[in-house]
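Asker: just the structure for this:
(chains A and B)
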Amino acid sequence: MEQANPLCPEGESKGGVLAHLERLETQVSRSRKQSEELQSAQAQEGALGTKIHKLRHLRDELRAAVWHRRGNVKACIANVEPNRTVEVNEQEALEEKLENVKAVLQAYHFTGLSGKLTSRGVCVCINTAFEGNLLDSYFVDLVIQKPLRIHHHSVPVFIPLEEIAAKYLQTNIQHFLFSLCEYLNAYSGRKYQADRLQSDFAALLTGPLQRNPLCNLLSFTYKLDPGGQSFPFCARLVYKDLTATLPTDVTVTCQGGEALSTSWEEQRASHETLFCTKPLHQVFASFARREKLMSLVS
Amino acid sequence: MDETVAEFIKRTILKIPMNELTTILKAWDFLSENQLQTVNFRQRKESVVQHLIRLCEEKRASLNDAALLDIIYTQFHQHQKVWDVFQMSKGPGEDVDLFDMKQFKNSFKKILQRALKNVTVSFRETEENAVWIRIAWGTQYTKPNQYKPTYVVYYSQTPYAFKSSSTLRRNTPLLGQALTIASKHHQIVKMDLRSRYLDSLKAIVFKQYNQTFETHNSTTPLQERSLGLDINMDSRIIHENIVEKERVQRITQETFGDYSQPQLEFAQYKLETKFKSDLNGSILAEREEPLRCLIKFSSPHLLEALKSLAPAGECRIQKPLCYSASYSQGTQDLSSC
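Answerer: Numbering: from 1, shown residues only, chains lettered A, B, ... in the order given. Next up is the predicted model:
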């Protein structure tokens, strides 16, 4: 029986040879790996080395450029007077240009709609005005992305900004801005009229002016001749169109409620028409003028 | 003057700290200048209060006057109450809002008085187009309890109202109904927003928290901020640190802005998440269903605390959704790692 004798020379050499071959194989693969790693490390080293060289070269170039510039400046300063005046003139010219540009930018405020580019988009400034008086300014900060959105704004909460944005912001930004301008200008105009009435013509009012945030419902009582014997009138102005500065409905009644004489009735009707067609403070200005004339005459 | 009214005024005045007493009495405008001058405010408080009560009796103060004093006290001490925010909505295609304050007040009062016979409703208008409403609740058979009123601050021609939280919750639906109908809206919903600071709630809800805008006149000197670095370090390290710190500051500024943050005390999030774990067989990791948790951040001033986190270290945070609403910047990654 042939037993596998581990000490048999053939068996030993076979087991030994195979094992030996295996060992040799692993040795080779290990050394191959090592040499590969060494190669890649060397390649990286080489790449980094060239990069360092390039950066050093760049640094030297920049240094040289800086020295060169400094040298130029020194040379300029060395040629004292004529160059200095040239510089001063240049500086003055630049300052003048800067002032001009600033003035132009400020002048844009008078167009009612101006803007400034921001890092995210644009900050639009709406300057409202009424009858040539510059009133409040409102800002809308837009982020230029898809979809276009409003980052923050200073529009009062009762102006339907979200509605206008929902309708126009994504499709037609011009329309959005003009529509918003309309609402804001109209609101500013109504507010201006109400404020002027309260401040300038308090003498003609017999009670406080009732108003709401949008200034689209005003009611007040007034007398044409303060301190006189005439009946006070009650006026109620309704502005259903938020883009308008004149009321859509006006009701003027006489406080007494009794049957009015025809002259009072005519006055009442004419007042209603006046309030519908002219701005509030102008109507009262005409009342005040008339009153003055009457007092002069009588 | 009614016994109960006298008692009510007395207790209200006793609550007022001495240094605010003259200011509040002047705002009340019930006692005249002459009457107030006869009072010696340097006495002990009890004596001052007794003198004031006598003056109120002379002038025959009514329940309404007493309620007004209570409103003014609450206006001065807004922070003592916790305010909820309610949002109303109109139906589509509604007419333009022609808000009439008189009509609103009458309508509101009528609705409450029709539902509950015993209720005290008082109003005080303020300059920012807001009306403070005080409601003292009673039932069909009991008189209104003046010591547990509810306050509502309504900003006219806006959909928002702020209500002080109270323990008497059964009247909230009626209050909501009255407010909605009187202001000509259709629906009212309670928002997930609550705070002691009315101004902050206003800033959040009206989106007025950031009122700085870039114009051609403004300059943003971001680079001038000192970053407090150690000068003894290698200049190249300083440079790298500066770059990183500037980046963090820029992102913080873009997220939070330059303005002072509205004051929130807590923010609560519902979180549904699955756990990832490297250890095999971790109990938390191998679940089909996600874990549901409630996370609450609280701080005396939450947003300022979050704002200072990024420059101080690392954090990644999503700006609270109710705060940013439709104008959010989404998730902001404030961290460097």
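
Asker: hey, let's count contacts and neighbours off CA atoms from now on
Answerer: Noted.

Asker: from chain B, how far out is A:Pro226?
Answerer: For A:Pro226, the distance to chain B (CA to the nearest CA, to the nearest Å) stands at 26 Å.

Asker: can you list the domains in chain B?
Answerer: Chain B breaks down into these domains under the TED database: B:3-79, B:83-196, B:244-312.

Asker: tell me the most buried of these?
Answerer: Highest mean neighbour count among the domains of chain B (mean count of other CA atoms under 10 Å in any protein chain shown): domain B:83-196, with a mean of 17.

Asker: would you say B:Arg292 is within a helix?
Answerer: No. Using DSSP: H, G, I helix; E, B strand; the rest coil, the secondary structure at B:Arg292 is strand, not a helix.

Asker: on that earlier part again, out of the domains of chain B, which gets nearest to chain A?
Answerer: Closest to chain A of these, according to CA to the nearest CA: domain B:83-196, at 5.5 Å.

Asker: do the closest one and chain A meet?
Answerer: Yes. Using CA under 8 Å from any CA of the partner chain, we find that domain B:83-196 touches chain A at B:96, B:98-101, B:129, B:156-158.

Asker: now the two most distant members of the residues you listed.
Answerer: B:Val96 and B:Asn129 (17.7 Å; CA to CA).

Asker: now that we have the domains of chain B, can you turn them into TSV and tack on mean pLDDT?
Answerer: As requested, those are exported to TSV (pLDDT from 0 to 100):
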stretch	mean pLDDT
domain B:3-79	90
domain B:83-196	90
domain B:244-312	76
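
Asker: strands of chain A, start to end?
Answerer: A:113-117, A:121-130, A:133-143, A:149-153, A:217-222, A:233-238, A:249-254 (DSSP state E).

Asker: and the last one, does that touch chain B?
Answerer: No. Among the residues of strand A:249-254, none lie within reach of chain B under CA under 8 Å from any CA; the closest is 11.9 Å away.

Asker: export that strand to PDB, keeping only CA atoms.
Answerer: Output of strand A:249-254 as PDB, limited to C-alpha atoms (Å, rounded to 0.1, in the frame of the first residue of the first chain):
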ATOM      1  CA  ASP A 249     -69.100 106.600  -4.200                       C
ATOM      2  CA  VAL A 250     -69.900 109.700  -2.300                       C
ATOM      3  CA  THR A 251     -72.800 110.300   0.000                       C
ATOM      4  CA  VAL A 252     -73.300 113.700   1.500                       C
ATOM      5  CA  THR A 253     -76.200 114.200   4.000                       C
ATOM      6  CA  CYS A 254     -77.300 116.900   6.200                       C
END
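
Asker: for that strand, packing partners?
Answerer: Contacts defined by 3 or more CA pairs under 8 Å, 6 or more residues apart in numbering or on different chains; DSSP states H and E place strand A:249-254 against strand A:233-238, helix A:262-277.

Asker: and the first one, by the same measure?
Answerer: Using 3+ CA pairs under 8 Å, 6+ apart as the contact definition, the elements that strand A:113-117 packs against are strand A:121-130.

Asker: repeat for the third one
Answerer: In this structure, strand A:133-143 packs against strand A:121-130, strand A:149-153, with contacts taken as 3+ CA pairs under 8 Å, 6+ apart.

Asker: with the fifth one instead?
Answerer: With contacts defined as 3+ CA pairs under 8 Å, 6+ apart, strand A:217-222 has these neighbours: strand A:233-238.

Asker: next: the second one.
Answerer: In terms of contacts (3+ CA pairs under 8 Å, 6+ apart), strand A:121-130 is packed against strand A:113-117, strand A:133-143, helix A:173-200.

Asker: list the contacts of the closest residue to B:Pro300 other than its chain neighbours.
Answerer: What sits nearest to B:Pro300 in space, not counting adjacent residues and going by CA to CA, 6 or more residues apart in numbering or on different chains, is B:Glu265, at 5.3 Å. Shown in contact with B:Glu265 (CA atoms under 8 Å, 6 or more residues apart in numbering or on different chains): B:195, B:298-302.

Asker: looking at those, which are in helices?
Answerer: B:Leu302 (DSSP state H).

Asker: make JSON lines from the strands of chain A and add distance to A:Ala165 to it.
Answerer: Below are the strands of chain A laid out as JSON lines (distance: least, CA to CA, whole Å):
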{"stretch": "strand A:113-117", "distance to A:Ala165": "17"}
{"stretch": "strand A:121-130", "distance to A:Ala165": "14"}
{"stretch": "strand A:133-143", "distance to A:Ala165": "11"}
{"stretch": "strand A:149-153", "distance to A:Ala165": "9"}
{"stretch": "strand A:217-222", "distance to A:Ala165": "25"}
{"stretch": "strand A:233-238", "distance to A:Ala165": "26"}
{"stretch": "strand A:249-254", "distance to A:Ala165": "28"}
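
Asker: do you know which of these lies nearest A:Ala285?
Answerer: Minimum separation from A:Ala285 across those (CA to CA) falls at strand A:217-222, 13.0 Å.

Asker: and the direction of that closest one versus that of strand A:233-238, what angle?
Answerer: Strand A:217-222 runs at 170 degrees relative to strand A:233-238, counting by axes from the mean of the first three to the mean of the last three CA atoms, to 10 degrees.

Asker: average pLDDT for strand A:217-222?
Answerer: Mean pLDDT, strand A:217-222: 93.

Asker: in helices only, show me the residues of domain B:83-196 next to chain A.
Answerer: Short answer: the residues of domain B:83-196 next to chain A in helices (DSSP H) are B:Met101.

Asker: near chain A, which residues of the stretch 201-337 of chain B?
Answerer: Proximity of the stretch 201-337 of chain B to chain A, by CA under 8 Å from any CA, involves residues B:206-208, B:210-211, B:213-216, B:327-328.
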